[in-house]
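Peer 1: here are the coordinates; sequence isn't available:
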């Protein structure tokens with residue numbers, strides 16, 4: 001006869017930790033910088049690869065990193081007047097900004113695919129009606 005293994009439940013400790021005022025300020029600064037970067041990146045991507053530029057191919061591979069670096073450089077130059085990324089002034093690390101911009105680029109690529117599908121459907125509809 002096979003014995004059934006008994007269930008073991010682990011317990012976790014709960015620590016009641018709160019953030020200091022300095023950490024809260026750093027967090028708010030990072031979130032505001034991230035929101036500004038989001039708006040700036042979408043504006044740049046839409047100008048370059050948006051609705052009016054569907055024929056222009058999106059970069060892939062290393063090209064994505066090149067676009068991300070250009071967006072970051074433009075952002076810190078136009079918004080903050082800096083030459084290099086500074087965590088102390090921006091509140092957001094360069095690596096965090098890179099990862100954030102990669103997700104924005106991925107989402108924009110999905111949006112772009114949807115735009116291309118809509119354009120194809122509209123072209124088919126126009127050819128049928130004519």
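Peer 2: Thanks, I have the structure now. Since the structure is predicted, the reported quantities are computational estimates derived from the model, not experimental observations.

Peer 1: next, the buried residues of the strand or helix carrying residue 119.
Peer 2: According to DSSP states H and E, residue 119 maps onto helix 94-129. Residues 96-97, 100-101, 104-105, 108-109, 111-112 are the ones in helix 94-129 that count as buried (16 or more other Cβ atoms under 10 Å). Any C-beta I mention is one placed from the backbone N, CA and C, and that applies to glycine too.

Peer 1: tell me which other helices or strands the helix or strand of the chain with the lowest mean pLDDT touches.
Peer 2: Within the chain, no helix or strand scores below helix 94-129, which has a mean of 87 by mean pLDDT, DSSP states H and E. Counting contacts by 3 or more Cβ pairs under 8 Å, 6 or more residues apart in numbering; DSSP states H and E, helix 94-129 is packed against helix 21-49, helix 62-75.

Peer 1: packing partners for the longest one?
Peer 2: Yep, that's helix 21-49 we're talking about. Looks like helix 21-49 contacts helix 62-75, helix 94-129 (3+ Cβ pairs under 8 Å, 6+ apart).

Peer 1: how about those, which one is nearest residue 11?
Peer 2: Comparing the helices and strands packed on helix 21-49 against residue 11 with Cβ to Cβ, the closest turns out to be helix 94-129 (33.5 Å).

Peer 1: report the distance from the closest one to the chain centre.
Peer 2: Put simply, helix 94-129 sits 14 Å off its chain's centre (Cα atoms, centre = their mean, to the nearest Å).

Peer 1: hmm, back to that, and the angle from the helix holding residue 119 to helix 21-49?
Peer 2: 30 degrees (axes from the mean of the first three to the mean of the last three Cα atoms, to 10 degrees).

Peer 1: orientation of helix 94-129 relative to helix 62-75 in degrees?
Peer 2: 110 degrees.

Peer 1: can you pull the contacts of the spatially most central residue of the chain?
Peer 2: With distances taken as Cα atoms, centre = their mean, the residue of the chain nearest its centroid is residue 104 (2.8 Å). If you count contacts by Cβ atoms under 8 Å, 6 or more residues apart in numbering, residue 104 has them with 38, 41-42, 45.
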